[in-house]
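J.: My questions concern the predicted model and sequence given below.
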Amino acid sequence: MTALDPVILFFLVGAAAGLARSDLRIPSAIYDFLSIYLLLAIGLKGGVELAQYSLVALLPKMVAVVLLGVVLAATAYPILRRAGRFKRADAASIAAHYGSVSVGTYAVALAYLGSQKVEFESYMTLFLVLLEMPAIIVGVVLARGVTAQTQWGRLLHEVFAGKAIVCLLGGLVIGWIAGGDGLTSINEFFFDLFRGMLALFLLEMGLLCAAQMSALRRYGLFLIVFGVLMPLFAAVLGCGLGHLLGLSPGGTALLAVLAASASYIAAPAAMRISVPEANPSLSLAASLGVTFPFNVTLGIPLYLEMAKWIHRQT
Amino acid sequence: MTALDPVILFFLVGAAAGLARSDLRIPSAIYDFLSIYLLLAIGLKGGVELAQYSLVALLPKMVAVVLLGVVLAATAYPILRRAGRFKRADAASIAAHYGSVSVGTYAVALAYLGSQKVEFESYMTLFLVLLEMPAIIVGVVLARGVTAQTQWGRLLHEVFAGKAIVCLLGGLVIGWIAGGDGLTSINEFFFDLFRGMLALFLLEMGLLCAAQMSALRRYGLFLIVFGVLMPLFAAVLGCGLGHLLGLSPGGTALLAVLAASASYIAAPAAMRISVPEANPSLSLAASLGVTFPFNVTLGIPLYLEMAKWIHRQT
Amino acid sequence: MTALDPVILFFLVGAAAGLARSDLRIPSAIYDFLSIYLLLAIGLKGGVELAQYSLVALLPKMVAVVLLGVVLAATAYPILRRAGRFKRADAASIAAHYGSVSVGTYAVALAYLGSQKVEFESYMTLFLVLLEMPAIIVGVVLARGVTAQTQWGRLLHEVFAGKAIVCLLGGLVIGWIAGGDGLTSINEFFFDLFRGMLALFLLEMGLLCAAQMSALRRYGLFLIVFGVLMPLFAAVLGCGLGHLLGLSPGGTALLAVLAASASYIAAPAAMRISVPEANPSLSLAASLGVTFPFNVTLGIPLYLEMAKWIHRQT
Amino acid sequence: MQQHSRKLVTIITEAVIEKELIATLEKLGVSGYTIADARGKGHRGVRNTGWEHGANIRVEVVCEDSLARTVADCLKERYYENYAMILFVTDVDVLRPEKFTRERGTTP
Amino acid sequence: MQQHSRKLVTIITEAVIEKELIATLEKLGVSGYTIADARGKGHRGVRNTGWEHGANIRVEVVCEDSLARTVADCLKERYYENYAMILFVTDVDVLRPEKFTRERGTTP
Amino acid sequence: MQQHSRKLVTIITEAVIEKELIATLEKLGVSGYTIADARGKGHRGVRNTGWEHGANIRVEVVCEDSLARTVADCLKERYYENYAMILFVTDVDVLRPEKFTRERGTTP
Ligand SMILES: Nc1ncnc2c1ncn2[C@@H]1O[C@H](COP(=O)(O)O)[C@@H](O)[C@H]1O
Ligand SMILES: Nc1ncnc2c1ncn2[C@@H]1O[C@H](COP(=O)(O)O)[C@@H](O)[C@H]1O
Ligand SMILES: Nc1ncnc2c1ncn2[C@@H]1O[C@H](COP(=O)(O)O)[C@@H](O)[C@H]1O
Ligand code: NA
Ligand code: NA
Ligand code: NA
């Protein structure tokens, strides 16, 4: 049971502290440091093994993954509009969050697969990078239509030059160039400490998650239901695609996790600027307050079972 | 000699830098990070081994320890009033500081026992948590009497939801649930780095300690004498109680350290809010400027000798 | 090739991110933490082995090194005045930067020698400390002459009590007292993590370096040429002196690195206060924007070759 | 730009009482507040250590004249004696006066 | 000391729009600006989380009366509806008026 | 609330001269000061890097009119030429005037 994985316990402690209105705070400088560290470490690990593959051979898979992001956002939108009765901008913004990905969730999944000794394709990190962007564009289009008025250039720069992608890509490139041996000198820092850093990061995530509760109460049941069902649905899609692409059970599970996770860094920033009339607390309440905790506690193990099951079918 | 323990040397370097009015500063975000780290690490270590004990069996010991905190504050108060001629509020506030505990001192003691290969009961961390609170309440009562006017609810929340107790308890619970094996994945971070982090923390403590000197000069000799004699007296009490509770020499020494240490985090914050008319620089000058340096350099090794000696008596 | 050393890749990624106007930022608290860590770690490592030497025996070498700093600043000045047509204050300030040293560059050199398995005299760290100061004094004298008006006391305190020297000396002293065995308990933190921390530090250095580009464009070609030729010339001097002092190839290379490196911490602060009329962006553009990247990528390996070559001559 | 004049109340005090101070301000019915970290020196000495006990906060409240007086008087009476605190009031022009009127249902 | 009166425009808004806001101010021709991090509460709720999405910034611009009006109107029209933002204007005396006059070649 | 009017002198300048600036202010006899970290842009370009050399500080001093003039003139004469610095003065009302009167035994 992951519930016993210590890093998850840190998340729960953080959430409990937040609900108890504790004065515990992770300074923002430390939060920034931890996320930069996690992004780099994930990138490095991915890059090292990426060397084995030819990007050309991966191209079809990569395209498929990008489409997955588009599809996820595009399916979330009508649901939010109809069932959720959300304003156009809000529905589009939330859809963008769920089509994009959460690095924190991915990191927890990596830790979980590690402790479960489950193998997976190393290029998954590449997919993580690829999934960050498309849903955000879809979201903006859904909110605005394809008007000239949108400053696409700025939006693209906003995301591509954003912390998340720069650190992930940077890590990938460094790991790819340096290779496994090249990195031995920084192994202790970036790999041995990974779970400890992740634990502290999750402590803060717990605090941030608890801070969403009041918003959740305000926006009511639908967000909660959506925040649980949407990732489940997305995970199924992800599993299906992973299987279709011939990924290993581990890789399939990770793709499911990516599909199921909702962004709380890249998407919020991009949406706030490109779709300002969308209420940011709606999307954050759902992705941070419901989906993130659901994924890291119950979701991830479940998605791994799904992935294993689907592989047994054939 | 601990004076040679490198972590202590960091404290001395920090103090020297402070006295030389160096512009060396540990950013507050880093200071917060270090203290959160130390609290969690101490909690985790304690929690792992706590699993072996039944809280019920520990209950009598726990009650005794809580009383120790009360007694310490209650004995410090009259001394401060009579011998020190302090105003009621000031005496009460200082008494609260000395009845409560200092996590930094405890961490140094753990490091010292470690390097001296001295065993101790793992539930000492639990005592650390228990000793944080009672003296603070005593302090408020001494200053105010038991008036309805005091917002006890707020005070309790202030301390229980405070960073110190949340991190310690959180760590205890996580370590207790996950157990030793569960934590292997975060060992490198929380245990192997412990002394290094402690070293940096003590560097900052040295700077903070040096910053108290001007206040010390102002408030004169009594505070200095009190800041040395009070911990000695408290250590004797602690040793006695430890022996009475049948603790090992190591455990006895740690209880003495807890008794001898003076709070500089929980108590100051609580006193500032619940006994605002008390002058905060008095209590900080004593606990940070005198007692902390005394304990980490001379006190701790001395208390261990005391503990060993008392055990040889029987 | 160092270009493949991962820590250098972090620098390049940082520079690229900066040029792409990424919003990636290393919080200043983290930057401070990293530089304090590097300074302490370098000091500790040096101090441990310093124990083997008698300072008296080293005295002649130390004097020679101090003179090197003076000579470097004194030769840079006329070049900047004549060839560069800089105002007196600006020339003096830049000269001070190049006579002083860069700890970041030194750290990269240590990492490089390590990966190249090249031995060197441990007291090099002492030289690093010694080289920090003299050029700054020369710079002030060049700008002001030896007027009473200059507050020498304040200047000396500014540098000696400055973060850089306090941490380096502090580390040296601790390492010297505690010795190799004494430090085993903090090895993981200060030595195993060294390259990882250095990698993050270089990521930020890359960002800072990229931020100098606009200034560089403004001040034109001369600064760039000077920023490359000056270190080369200084490295030759350093190699010569190293050889003269009978240092090993590794030690000679490190002395060359120290000579070639330009300060971007101690010197800027001291100059800003003692020679305020000097334009700080000139010296930073040269030392951060040109010399630092040149040294860490091409310079260091080159200097090592120089050092080996010169030793083969005799 | 049609402007309306309001008061800006600036309070500089100990970081440790932030929570309590905010609670007090909200009871008085301010429509909002802004807080920034600060350090400084005054009659109670230098306050510039990194950690909470030595740190200051700088609190700003934009409100109507009457509320400004209430706030000033209340804080003076509650905190001046025991806490490091200064308070000063400035005239400011705002664009949306409605944003800065006392919250309903709050005791003056 | 010979003084000249100028306006100080203070803007408190979401940290996430810092880049864009600065671009807007420069287009309007301000000669400079000062930014500090802040937290606070207003009609759009509490904004005090460590991370960007919950954080505020406090932007100050010293300029001539006319430019102050332009800035206020422009920001009001551009941001008030969708972003957490307040703006207030204060009279200030400066020593070097030339430092605070609209940059040439910028659209009013 | 009985109020007394004082001057608020706000100085925005380079973080690197904080120590020296404070010394100057104390020599002039200010009763206190408040400092906050800031970033910004002016005639000497953008100043927003995390590290000291690119950072600004924002210093506030509440004092009597006469001292405000002295401070302004002194800083202008000492720092304006060589340092990134602006200074502006605002009228403020304070509750405890005695807190903001020139420290005794200090040279004007
Ligand atoms: N004259 C002043 N000008 C600006 N800030 C001040 C002044 N006096 C006090 N302060 C600030 O207010 C805080 C508390 O002041 P005090 O209660 O006098 O110690 C100080 O730490 C300073 O940050
Ligand atoms: N009355 C007020 N006084 C001071 N600051 C305010 C006030 N109202 C709002 N603010 C600040 O402006 C930000 C945005 O305000 P709002 O748009 O009302 O949410 C808040 O987060 C506060 O930091
Ligand atoms: N017009 C302005 N409004 C607000 N702040 C300014 C203005 N001009 C300059 N500053 C601030 O003062 C600092 C120094 O200004 P300067 O000496 O013009 O470079 C800048 O970095 C800004 O933070
Ligand atoms: Na997703
Ligand atoms: Na105690
Ligand atoms: Na040099």
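T.: Structure's in. What do you need? Ligands and ions are numbered 1, 2, ... in the order given.

J.: pLDDT below threshold where in the chain?
T.: Going with chain A. A:1-4, A:146-150, A:314 (pLDDT under 70).

J.: Please refer instead to chain D.
T.: Short version for chain D, where the test is pLDDT under 70: D:1-2, D:49-52, D:103-108.

J.: Tell me where it has helices.
T.: Residue ranges of the helices in chain D, as given by DSSP state H, are D:18-28, D:65-79.

J.: The residue in chain A that chain C sits nearest to - nearest residue in space that isn't next to it in sequence?
T.: Sorted by distance to chain C under CB to the nearest CB, the residues of chain A start with residue A:189, at 2.1 Å. No exception for glycine: its C-beta is placed from N, CA and C like everyone else's. Nearest-residue entry for residue A:189: residue C:196, 2.1 Å, with adjacent residues in sequence omitted and distances by CB to CB, 6 or more residues apart in numbering or on different chains.

J.: re the thing from before, now tabulate the helices of chain D in CSV and tack on distance to chain C.
T.: Shown next, in CSV, are those (distance: least, CB to the nearest CB, whole Å):
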stretch, distance to chain C
helix D:18-28, 20
helix D:65-79, 30
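
J.: picking up where we left off before, could you say which helix or strand contains the residue nearest to residue A:189?
T.: Under the criterion of DSSP states H and E, residue C:196 resides in helix C:194-211.

J.: Can you name the element that comes right after that helix?
T.: Scanning forward in sequence from helix C:194-211 by DSSP H and E, the next helix or strand is helix C:213-219.

J.: ok, residue 23 - contacts?
T.: I went with chain A, as the question did not name one. B:161, B:162, B:163, D:19 (CB atoms under 8 Å, 6 or more residues apart in numbering or on different chains).

J.: Can you tell me which of the residues you listed are buried?
T.: B:162, B:163 (16 or more other CB atoms under 10 Å in any protein chain shown).

J.: Sort out for me which of the contacts of residue A:23 are in strands.
T.: In this view, the contacts of residue A:23 have no member that belongs to strands under DSSP state E.

J.: if I pick the closest residue to residue A:53 other than its chain neighbours, what's in contact with it?
T.: The shortest distance from residue A:53 to any non-neighbouring residue, by CB to CB, 6+ apart, is to residue A:123 (5.7 Å). If you count contacts by CB under 8 Å, 6+ apart, residue A:123 has them with A:46, A:49, A:50, A:53, A:58, A:61.

J.: ok, these vs residue F:59, which is closest?
T.: Of all the contacts of residue A:123, residue F:59 sits closest to residue A:46, with 47.4 Å by CB to CB.

J.: From chain F, how far out is that closest one?
T.: Going from residue A:46 to chain F by CB to the nearest CB, to the nearest Å gives 28 Å.

J.: what do you get for residue D:73?
T.: Counting by CB to the nearest CB - residue D:73 and chain F are separated by 5 Å.

J.: Tell me, how many residues neighbour that residue?
T.: 14 (other CB atoms under 10 Å in any protein chain shown).

J.: before we move on, what about residue A:105?
T.: So residue A:105, with other CB under 10 Å, has 26 neighbours.

J.: Past the host helix or strand of it, which element shows up next along the chain?
T.: Element membership of residue A:105, judged by DSSP H and E, is helix A:103-115. As assigned by DSSP H and E, the chain's next helix or strand after helix A:103-115 is helix A:124-132.

J.: Check which helices and strands that following helix is in contact with.
T.: helix A:28-50, helix A:55-82, helix A:163-187, helix A:249-260 (3 or more CB pairs under 8 Å, 6 or more residues apart in numbering or on different chains; DSSP states H and E).

J.: any residues touching it, and which ones?
T.: Identification of contacts with helix A:124-132 by CB under 8 Å, 6+ apart yields A:42-43, A:45-47, A:50, A:58, A:61-62, A:65-66, A:68-69, A:99-101, A:103, A:106, A:159, A:164-165, A:168-169, A:172, A:251, A:254-255, A:258-259, A:263, A:266.

J.: What's the ChimeraX syntax to select whichever of the residues you listed are buried?
T.: To isolate the buried members of the contacts of helix A:124-132 in ChimeraX, using 16+ other CB under 10 Å:
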select /A:42,43,45,46,47,50,58,61,65,66,68,69,99,100,101,103,106,159,164,165,168,169,172,251,254,255,258,259,263,266
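
J.: Distance of the residue nearest to residue A:53 relative to residue A:242?
T.: To residue A:242, residue A:123 is 12 Å away according to CB to CB, to the nearest Å.

J.: go on, residue A:263?
T.: Applying CB to CB to residue A:263 and residue A:242 gives a distance of 20 Å.

J.: now do residue A:38
T.: Noted for residue A:38: a distance of 23 Å to residue A:242, by CB to CB.

J.: The two: who's more crowded?
T.: Neighbours per residue, other CB under 10 Å: of residue A:38 and residue A:242, the larger number sits with residue A:242, 34 against 23.

J.: and chain D, which residues reach ligand 1?
T.: D:12, D:40, D:41, D:42, D:43, D:44, D:47, D:56, D:84, D:85, D:86 (CB under 6 Å from any ligand atom).

J.: Out of the residues you listed, flag the one nearest to residue C:200.
T.: Among the residues of chain D next to ligand 1, and counting by CB to CB, the member closest to residue C:200 is residue D:56, at 31.0 Å.

J.: What's the local residue count around the closest one?
T.: 25.

J.: Distance of the closest residue to it other than its chain neighbours relative to chain C?
T.: Distances taken as CB to CB, 6+ apart put residue D:38 closest to residue D:56, at 4.5 Å, once the chain neighbours are dropped. According to CB to the nearest CB, residue D:38 and chain C sit 17 Å apart.

J.: Am I right that residue D:38 is in contact with residue F:33?
T.: No: with contact defined as CB atoms under 8 Å, residue D:38 does not reach residue F:33; the gap is 10.0 Å.
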